[in-house]
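In: Only the shape, not the letters, is given here:
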């Protein structure tokens with residue numbers, strides 16, 4: 001038996017929340033370091049895209065934190081299709097546009113960073129898209 005819808009929703013929302021918190025906290029509270037070292041783990045993807053801009057970095061951090069807050073709230077309402085699908089749609093718009101931008105600028109990166117950009121950003125699109133799937137209706141209790 002595969003993963004049920006509720007578990008899939010929790011997993012997708014949880015991973016998106018972690019992404020929002022990781023990126024948002026770092027970008028907002030240490031914008032210069034974020035610009036120089038994001039995504040971390042010995043890699044750096046932002047300097048190739050242009051010079052450091054504190055305002056832009058802090059705005060990106062604030063946006064990621066706002067997405068994280070929305071996602072954490074939605075975790076509380078994981079059985080509410082409208083809440084989950086709204087959160088999924090918000091993340092999908094951002095992640096899809098973000099992926100499209102980076103696909104147009106892969107030439108700025110080494111092959112390993114090109115692959116990691118495509119894989120990580122595509123995974124975020126998929127996590128958001130999963131949230132658009134409706135939850136199946138509850139089955140009536142037949143154990144009585």
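Out: Sure, I can see it. Since we're looking at a predicted model, the values are computed, not measured.
In: Please enumerate the strands of the chain.
Out: 39-40, 43-44 (DSSP state E).
In: what residues are up against the most centrally placed residue in the chain?
Out: Closest to where the C-alpha atoms of the chain average out (CA atoms, centre = their mean) is residue 16, at 4.2 Å. Contacts of residue 16 were listed using CB atoms under 8 Å, 6 or more residues apart in numbering, and they are 67-68, 71, 87, 91, 124, 127-128. All C-beta spots, glycine's among them, are computed from the backbone N, C-alpha and C.
In: change it to 6 Å
Out: Counting by CB atoms under 6 Å, 6 or more residues apart in numbering, residue 16 makes contact with 71, 91, 127.
In: Please apply the same query to residue 22.
Out: No contacts exist for residue 22 under CB under 6 Å, 6+ apart.
In: Below-threshold pLDDT in this structure: ranges please.
Out: Along the chain, segments meeting pLDDT under 70 span 1-3, 136-144.
In: Just give me the longest helix of it.
Out: helix 5-29 (DSSP state H).
In: and residue 110, how many neighbours?
Out: Neighbours of residue 110 under the rule other CB atoms under 10 Å: 10.
In: separation between it and residue 45?
Out: For residue 110, the distance to residue 45 (CB to CB, to the nearest Å) stands at 10 Å.
In: separation between residue 93 and residue 64?
Out: Distance, residue 93 to residue 64, using CB to CB: 14 Å.
In: With neighbour numbers in mind, choose between these two.
Out: Legend: neighbour count by other CB under 10 Å for residue 93 and residue 64, higher for residue 64 (21 against 11).
In: Would you confirm that that one contacts residue 20?
Out: Yes - counting by CB atoms under 6 Å, residue 64 touches residue 20, with 4.7 Å between them.
In: check contacts around residue 35.
Out: Contacts of residue 35 (CB under 6 Å, 6+ apart): 46, 52, 57.
In: Nice, that's everything, thank you.
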